[in-house]
Structure formats: structure tokens, C-alpha cells
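Student: need coordinates for the following:
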Amino acid sequence: MARYTGPKNRICRIFGEPILGSGKNLGKNSNPPGMHGGTKRRKTQSEYAIQLKEKQKAKYTYGVLERQFRNTYVEASRLKGASGENLIKLLEARLDNAVYRLGIAPTRPAARQLVSHKHIMVNGEIVNIPSYTMKAGDVIELKPKSKVNPTVISMVRGKNPKINWMDWNEKEFKGIYITHPERENVPENIKEQLIVELYSK
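Tutor: As a prediction, this is how the structure comes out:
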């Protein structure tokens, strides 16, 4: 399955949450997409359907394809600790997500584009792989030419104070990935245990 490039609000309506973009139209039309909206759906979803929906939500949230997501889960299951929490940590450690968390880009797709177009440096070297895994102490910054590019600079918003596992220097457009986040500090509304149960079948 290729990366989704359709209407973002459609995905927001599927999950009833603004997982892509602002979700500003959810209040006007919060029904699921489709001809019948939510009227023709089963009253109760199966256990598998609930687990699958949670996995899809995580995939769309972080902009990861099916094979990438499964490989990330396999890696998470090999690490010490809870597989679900490890999965979230690995997803948060992706370079495109780190760029988004630092506020260099307003959305994850925008962050992915900045990385792919070689605007981002890690430890002084240009990295154009969005799935690059950050390590504790890694330094992320805009490359020198991008620091004076009006289009790139206009996207920079700065880090949310709640993102305490990263540090941001506004003057130098530079951030530090201090450590992997604890699950309770990650704001995404994802029930990772349901994903673990899905892959454990």
C-alpha cells in the first residue's frame, strides 16, 4: 500500500480524532466517510476490528507504511521492556518525527519533506532518510543555507514545552534529542497494547 495522499479530513473522520492536520472540520461533519456514514455499521465491532483500527491509527499518525510499521514492531518486541511502549519509543525516535516535535515543521508530512529535501543535519551531516533512528545526544539542525531560506524559516514554530525529551535552541535553529521519551509523556492517543495483541495472534 502506498503512502496516503488523499483528503486528511477523511482520515480524521474515520478515527474521530484530528490525527492528521488540525481536524478543524470534525465538528461540522464528524460522521465516518462513506455513503451511509455511521448508520450502516455494526453496533459492536469485533475484537480484531478494534485492534486493526488502532494499528491503522498509529500508522497514519506517524506516516509509516505497513511493512515499515511491522518491522518497527518486530524490533520493538526484541528490546527489553513492554513491546507496546518500545514501539512508541521507536516511532518517536524517527528523524521526521523528531523534526516535527522540535517545531521545525508544523506537521509530520512537512517534516518528512524537509528531511527528504536535505534541509536537515544530524550531528553535522545531512541526513535525508525520514526513518533514520535518533540516539540520545544526537544534534538536529537546519543546514546553513536553510537557516536563511524564508520558506523554511516561516515553518519553524519552536518546541512545545511539554516535549521534555528534546531541547531546542531558537537562535541557532538547533535541537538535541536528549533521550527516548517515556510513554506517559507522549501525547498521542494510541492504545499500543491493542497493537501488541493484534500482532501476537
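Student: alpha carbons only for contacts and neighbour counts from here, please
Tutor: Will do.
Student: just the pLDDT for the most centrally placed residue in the chain.
Tutor: Residue closest to the mean C-alpha point of the chain, counted by Cα atoms, centre = their mean, is Y62 at 2.7 Å. The per-residue pLDDT reported for Y62 equals 94.
Student: wait, isn't it in contact with A111?
Tutor: No: between Y62 and A111 there is no contact under Cα atoms under 8 Å: 11.0 Å.
Student: next, the contact list for the residue nearest to the centre of the chain, please.
Tutor: L91, N97, R108 (Cα atoms under 8 Å, 6 or more residues apart in numbering).
Student: tell me who's in contact with the first one.
Tutor: So that's L91. So L91 contacts Y62, T72, N97 (Cα under 8 Å, 6+ apart).
Student: can I get these in a markdown table including distance to V139 and secondary structure?
Tutor: Output for these, formatted as a markdown table (distance: Cα to Cα, whole Å; DSSP: H, G, I helix; E, B strand; the rest coil):
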| residue | distance to V139 | secondary structure |
| --- | --- | --- |
| Y62 | 21 | helix |
| T72 | 23 | helix |
| N97 | 14 | helix |
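Student: returning to what we had before: need the overlap of contacts for Y62 and A111.
Tutor: N97.
Student: domain-wise, how is this protein divided?
Tutor: 8-90+189-199, 94-179 (automatic domain parsing).
Student: please identify the most buried of those domains.
Tutor: domain 94-179 (a mean of 18; mean count of other Cα atoms under 10 Å).
Student: quick revisit: tell me the one of the contacts of Y62 nearest N185?
Tutor: Nearest to N185, judged by Cα to Cα, of the contacts of Y62 is L91 at 13.7 Å.
Student: tell me the SS of the closest one?
Tutor: helix (DSSP: H, G, I helix; E, B strand; the rest coil).
Student: state the pLDDT value of it.
Tutor: L91 is given a pLDDT of 97.
Student: could you list the low-pLDDT ranges of this protein?
Tutor: 1-2, 15-16, 18, 21-43 (pLDDT under 70).
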